[in-house]
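Enquirer: sequence plus predicted model, see below.
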Amino acid sequence: MERTEAAELLPIIKAYAAGKVIEQYHSGRWVEHDHFAFDCGAENYRIKPEPLEFWCILWEDNRIAEITPRETQAQAEREIETDSCKGRVIHVREITDET
């Protein structure tokens, strides 16, 4: 392995060591594995993408005033408490082919 190849694989190997899910491209699709030899080029490996997830507010008249993602449910609930309108917190999670 040349140094440039090692540099390209390094972020993948660090993520693997940190417990992230690593996928390898095999037969036209990304496949999860538990053990890797890392003997293919870096383009054949990736850190499994995590689906987008956030909370937003649906106001009582069924409008979403803004799609400003809140990182936590508590953050969205605090915003409702400080507003004169009534609403509820909606948990939004991206659906992907891989989740």
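Expert: Yes, it's here.

Enquirer: for the rest of this, base every contact and every neighbour count on C-alpha atoms.
Expert: OK.

Enquirer: show residues contacting the lowest-mean-pLDDT helix or strand in the chain.
Expert: Lowest by mean pLDDT, DSSP states H and E among the helices and strands of the chain is helix 73-81, with a mean of 76. If you take Cα atoms under 8 Å, 6 or more residues apart in numbering as the criterion, helix 73-81 is touched by 55-57, 70, 86-89, 91.

Enquirer: the same query, at a cut-off of 10 Å, please.
Expert: Under the contact criterion Cα atoms under 10 Å, 6 or more residues apart in numbering, helix 73-81 has outside partners 54-59, 68-70, 86-91.

Enquirer: buried residues in that helix?
Expert: Residues 76-77, 80 are the ones in helix 73-81 that count as buried (16 or more other Cα atoms under 10 Å).

Enquirer: excluding its backbone neighbours, what's nearest residue 21?
Expert: Excluding its sequence neighbours, the residue lying closest to residue 21 (Cα to Cα, 6 or more residues apart in numbering) is residue 48, at 5.6 Å.

Enquirer: any regions of this structure where pLDDT drops low?
Expert: Filtered on pLDDT under 70, the chain yields the residue ranges 62-70, 83-85, 97-99.

Enquirer: domain parsing for it?
Expert: Here the domain parsing of the chain from automatic domain parsing is 3-47, 53-93.

Enquirer: can you find which helix in this structure contains the most residues?
Expert: Longest helix of the chain, by residue count under DSSP state H: helix 3-17.

Enquirer: the helix or strand following that helix: partners in the sheet, and parallel or antiparallel?
Expert: Going down the chain from helix 3-17, the next helix or strand is strand 22-26, by DSSP states H and E. Looking at strand 22-26 with DSSP bridges, its partner strands are strand 29-32 (antiparallel), strand 45-47 (antiparallel).
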